[in-house]
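Engineer: I would like to see how this sequence folds:
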Amino acid sequence: MAIIEGNSIIKSVSGLNKTEKDKIMCFLQGAVYCWCKNNCNQWFSLSDLMGGLNYLWEGTPLFVLWVKHKNNESKDPVIAAGKDAGWLLKETLQLDKRNYSNRKSFKSNEYLYIP
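Structural biologist: Next up, the predicted model:
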C-alpha cells in the first residue's frame, strides 16, 4: 500500500544500475520487516535499521552508495551515501504492500508500520 500518512515525495537516486538498486531495496525491505516483527508499534529510521550512525556498510548492498560518493569526491561520502540510502528506504516503503506512516524527526524521516 505504501506511505499513507505524512510526506510521500521521493527523490530519485542516480548513479546506480538496476541490479544495484534492486539489491539495496530488497536489503532495506528485509531490514524493515525484521524491525516491524521485533519492534511492533515503534517508529524507525534508516539509522535504526542499520545499527546507528556508524555506516559500516561493507559487505552489504548499501556499500555501493559510499563507493559512488567516494569516487565522485563528495565532500562527505558518508553523509551523501546516508541521504541516498534514506531516499531508497522511502521508495522501498512507498512500493511495499504494507502501510506506513511518516514523520520528520530531528535530521531524518521516521516511519511506523500500520497493521
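Engineer: contact partners for the spatially most central residue of the chain?
Structural biologist: When the chain is reduced to its mean C-alpha position, the closest residue under Cα atoms, centre = their mean turns out to be residue 89, at 2.6 Å. Going by Cβ atoms under 8 Å, 6 or more residues apart in numbering, residue 89 touches 28, 32, 46, 49, 111. Every C-beta, even on glycine, is put in place using the N, C-alpha and C of the backbone.
Engineer: would you map the strands across the protein?
Structural biologist: Secondary structure of the chain (DSSP state E): strands at 2-5, 99-104, 109-114.
Engineer: point out the most buried one among these.
Structural biologist: strand 109-114 (a mean of 19; mean count of other Cβ atoms under 10 Å).
Engineer: now the farthest one out in this structure, which residue is it?
Structural biologist: Within the chain, the residue lying farthest from the chain centre (Cα atoms, centre = their mean) is residue 73, at 22.2 Å.
Engineer: between the longest helix along the chain and strand 109-114, how big is the angle?
Structural biologist: If you go by DSSP state H, the chain has its longest helix at helix 18-38. Interaxial angle, helix 18-38 versus strand 109-114 (axes from the mean of the first three to the mean of the last three Cα atoms, to 10 degrees): 60 degrees.
Engineer: buried residues in helix 18-38?
Structural biologist: Of all the residues in helix 18-38, those buried under the rule 16 or more other Cβ atoms under 10 Å are 20, 21, 23, 24, 25, 27, 28, 29, 31, 32, 35, 36.
Engineer: dump the C-alpha coordinates for it into CSV.
Structural biologist: Presented in CSV, the C-alpha positions along helix 18-38 are these (Å, rounded to 0.1, in the frame of the first residue of the first chain):
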residue,chain,number,x,y,z
LYS,A,18,19.1,-1.5,-11.9
THR,A,19,20.7,-4.5,-10.2
GLU,A,20,22.4,-2.4,-7.5
LYS,A,21,19.2,-0.5,-6.8
ASP,A,22,17.1,-3.7,-6.7
LYS,A,23,19.6,-5.3,-4.3
ILE,A,24,19.6,-2.3,-2.0
MET,A,25,15.8,-2.1,-1.9
CYS,A,26,15.5,-5.8,-1.2
PHE,A,27,18.0,-5.5,1.6
LEU,A,28,16.2,-2.5,3.1
GLN,A,29,12.8,-4.2,2.8
GLY,A,30,14.2,-7.2,4.8
ALA,A,31,15.5,-4.8,7.5
VAL,A,32,12.1,-3.1,7.7
TYR,A,33,10.3,-6.4,8.0
CYS,A,34,12.7,-7.5,10.8
TRP,A,35,12.2,-4.2,12.6
CYS,A,36,8.4,-4.5,12.3
LYS,A,37,8.4,-8.0,13.6
ASN,A,38,10.7,-7.3,16.6
